[in-house]
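>>> take a look and give me a structure for this.
(2 chains, ligands or ions: 1)
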Amino acid sequence: MSYLSYDEISSGIQLLCDEYSDYCRLVQLPNTSVETRTIYAMAIADHVGTDAKTAIVVGGVHAREWIPPDALLFLCADLLEARAKGTGLRYGNAYISKQEIEQVFAKLQFVVLPCANPDGRVYSQMVDPDWRKNRSRNAKPDGTVCHGVDLNRNFDVAWDFKQAFAPNSVSASDDPCNKYIYVGPQAASEPETRNIVWLLDHYKGTRWYLDIHSAIPAVFHSWGLDENQSAQPGMNFLNPAHDGQRGIAGDTVYQEFIKASDLAELNRLSQLMADEIQQVRGDQYDVSAGFSLYATSGASDDYAYSRHIADPAKPKVLGFTMECGHEFQPDWQEAQEVMREVAAALVRFAVDASAQAGV
Amino acid sequence: MPKKVKVSAQTIPELRDFLAGADVDMGCRPVAVREAGRYATTVVSENGEIDRLSAPRAGGVTVEVLEEIASPAARLRMLPSGNRFLRGQIPQGLGVKE
Ligand SMILES: [Zn+2]
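Alright, predicted model coming up:
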């Protein structure tokens, strides 16, 4: 075995939902990719539905991070097989009991999108293994064409970084030829971005959003926009009075507001995952808010959490980014170890989330 | 060959100023970690740029080469061809079902 191709990820998703049809519903995302590939997710639970208490898990946003899509497909295979056979799951020294697996299926819906950026995955595995973005076509006024938008700078949260942030404080670029961090022509311009927005809209019972990346290793939570503060609700990403002030480390002119109780819960769940990862083979993942060296604009974890602030009619979704492993493309032996860490963390997360009161 | 490089500085603004003019790949998410009272970040760059960044300068930024990264061709060679699930084999996870 080695890393999966995008065709294999698509086939694997369909095979799993066929084989375990009592517990898995195939979800076809509304938008094909820029290069017209069909994109699938899985809804996994004893009773799937749009209003069920849900955790959305996404992988493959960044193409060159080869581990997360495979990790998520294999996680789903493990969960479904364990549920069908009535077993627990072991990853190294991390163990989730049969009763905990049954609790997860009874009281939580996992919506898993293993590969959000199929065109990037294909390009990264066929042409340039350092490719990160999607494969949108960016035509410049002089007629030249560059490809790709960084999907994790394309979400509608402080997307207009030149307006929102202080100069030289944010990891973002408006240069369509920037290889890594081009934000796109407008917020949510990319079909792959809009698919994730659709998942958050469609599954109204969503309370958690986890975006799986690599490779630091760490578990991050909101905010990535600036350092957190819990004293001044008006000092937030929506307030134009603070345009141009965001993203400076160590200052108090601007810090992003977060409710103290939300911050405590984000930190608790991040630490829970890091602790479970350590059980697998002893690796230590850092836990912190996403902001440190630079701010990140338009990232999916912050977008998920920002939605209830931008629109109070929307439910609150706690956003996380897991940065798994130490390399984007380690050999397969090491990759499997990292996939076990990801799986153990997410199942432990699911056990905790399933025990929480309903939506 | 690209190399993984650790860049560290006394302060985050100093680190940002240094990286602003550098041709480096900052990975998935640019983070700085505290190490021995300094701020460090890990980036990937090519030999010529690493030589330029490593040149002696005023100020407290240090650049340390950590390891070589496998070439793009070597990484692509890890990948098999074909679809291993076409014959209907159900994907098997990596956990022990027990
Ligand atoms: Zn990433």
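
>>> what does chain B have sitting close to the ion?
residue B:28 (Cβ under 5 Å from the ion). In short, each C-beta sits where N, CA and C put it, glycine included.

>>> residue in chain B with the shortest distance to chain A?
residue B:93 (3.1 Å; Cβ to the nearest Cβ).

>>> that residue belongs to a strand, doesn't it?
No - under DSSP: H, G, I helix; E, B strand; the rest coil, residue B:93 sits outside any strand and is assigned coil.

>>> tell me which residue in the stretch 251-359 of chain A sits closest to the ion.
With Cβ to the ion, the shortest gap between the stretch 251-359 of chain A and the ion falls at residue A:323, namely 7.3 Å.

>>> model confidence score at residue 61, please.
Just so you know, I chose chain A. pLDDT for residue A:61: 98.

>>> try chain B instead
pLDDT, residue B:61: 92.

>>> next up, the contacts around it.
By Cβ atoms under 8 Å, 6 or more residues apart in numbering or on different chains, residue B:61 lies in contact with B:7-9, B:14-15, B:18.

>>> mind redoing it with 6 Å?
Contacts for residue B:61 (Cβ atoms under 6 Å, 6 or more residues apart in numbering or on different chains) come out as B:9, B:18.

>>> where does the chain dip in pLDDT?
Here I'm looking at chain A. Residue ranges of chain A with pLDDT under 70: A:358-359.

>>> meant chain B, my bad for not saying
B:58.

>>> next, count neighbours for whatever residue of it ends up closest to the ion.
Nearest residue of chain B to the ion, counting by Cβ to the ion: residue B:28, 3.2 Å away. A count of nearby residues for residue B:28, using other Cβ atoms under 10 Å in any protein chain shown, gives 20.

>>> hmm, it is touching residue A:213, no?
Yes - Residue B:28 is within contact range of residue A:213, at 4.7 Å (criterion: Cβ atoms under 6 Å).

>>> overlap in contacts, those two.
With Cβ under 6 Å, 6+ apart, residue B:28 and residue A:213 have common neighbours residue A:62.

>>> quick check: residues of chain A near the ion?
So chain A meets the ion at A:62, A:65, A:213 (Cβ under 5 Å from the ion).

>>> and chain B, which of those residues reach it?
A:62, A:213 (Cβ under 6 Å from any Cβ of the partner chain).

>>> among the residues of chain A next to the ion, which are in strands?
If you go by DSSP state E, the residues of chain A next to the ion have residue A:213 in strands.

>>> can I get the residues of chain A next to the ion in a markdown table with neighbour count?
Shown next, in a markdown table, are these (neighbours: other Cβ atoms under 10 Å in any protein chain shown):
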| residue | neighbour count |
| --- | --- |
| A:62 | 29 |
| A:65 | 27 |
| A:213 | 27 |
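
>>> give me the nearest residue to whichever residue of the stretch 201-350 of chain A sits closest to chain B, chain neighbours excluded.
Using Cβ to the nearest Cβ, residue A:293 is the residue of the stretch 201-350 of chain A that sits closest to chain B, at 3.9 Å. Leaving aside its chain neighbours, residue A:293 sits nearest to residue B:32 (3.9 Å; criterion: Cβ to Cβ, 6 or more residues apart in numbering or on different chains).

>>> ok, that neighbour - contacts?
A:292-293, B:12, B:39, B:41.

>>> most widely separated two among the residues you listed?
Greatest spatial distance among the contacts of residue B:32 (Cβ to Cβ): B:12 and B:41, at 9.5 Å.

>>> more crowded one of those two?
More neighbours surround residue B:41 than the other of residue B:12 and residue B:41, with 24 against 18 (other Cβ under 10 Å).

>>> bridging residues for the more buried one?
Listed beta-bridge partners, residue B:41: residue B:7 (assigned using DSSP bridges).

>>> still on that earlier bit, thought the residue of chain B closest to chain A was touching residue A:74?
Yes - between residue B:93 and residue A:74 there is a contact at 4.2 Å, judged by Cβ under 6 Å.

>>> for residue A:134, helix, strand, or coil?
State at residue A:134, reduced to three classes by three-state DSSP: coil.

>>> quick one: contacts for it?
Applying Cβ under 6 Å, 6+ apart, the residues near residue A:134 are A:34, A:117, A:119-120, A:148-149, A:151, A:190, A:192.

>>> tell me, how many residues neighbour residue A:28?
So residue A:28, with other Cβ under 10 Å, has 9 neighbours.

>>> likewise for residue A:336?
18.

>>> show the end-to-end separation of stretch A:172-188, please.
15 Å (Cα to Cα, to the nearest Å).

>>> any idea how far it is from the chain center?
Mean C-alpha position of stretch A:172-188 versus that of the full chain (Cα atoms, centre = their mean, to the nearest Å) differs by 19 Å.

>>> how about stretch A:342-356?
Centroid displacement of stretch A:342-356 relative to its chain, using Cα atoms, centre = their mean, is 15 Å.

>>> same check on stretch A:214-228?
Taking mean C-alpha positions (Cα atoms, centre = their mean), stretch A:214-228 and its chain are 12 Å apart.

>>> give me the contact list for it.
A:65, A:67, A:158, A:237, A:246-247, A:254-256, A:258, A:266, A:270, A:273-274, A:285-287, A:289-291, A:295-296, A:299, A:302, A:305, A:319-328.

>>> filter the residues you listed down to the ones in strands?
A:256, A:286-287, A:289, A:319-324.

>>> format those residues as JSON lines; extra columns: neighbour count and distance to residue A:100.
Output for those, formatted as JSON lines (neighbours: other Cβ atoms under 10 Å in any protein chain shown; distance: Cβ to Cβ, whole Å):
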{"residue": "A:256", "neighbour count": "26", "distance to residue A:100": "35"}
{"residue": "A:286", "neighbour count": "15", "distance to residue A:100": "26"}
{"residue": "A:287", "neighbour count": "19", "distance to residue A:100": "22"}
{"residue": "A:289", "neighbour count": "20", "distance to residue A:100": "29"}
{"residue": "A:319", "neighbour count": "26", "distance to residue A:100": "24"}
{"residue": "A:320", "neighbour count": "25", "distance to residue A:100": "20"}
{"residue": "A:321", "neighbour count": "28", "distance to residue A:100": "25"}
{"residue": "A:322", "neighbour count": "31", "distance to residue A:100": "20"}
{"residue": "A:323", "neighbour count": "24", "distance to residue A:100": "26"}
{"residue": "A:324", "neighbour count": "26", "distance to residue A:100": "22"}
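
>>> export these to CSV and tack on distance to chain B?
Formatted as CSV, the ones in strands among the contacts of stretch A:214-228 follow (distance: Cβ to the nearest Cβ, whole Å):
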residue, distance to chain B
A:256, 16
A:286, 7
A:287, 12
A:289, 11
A:319, 13
A:320, 13
A:321, 7
A:322, 11
A:323, 6
A:324, 10
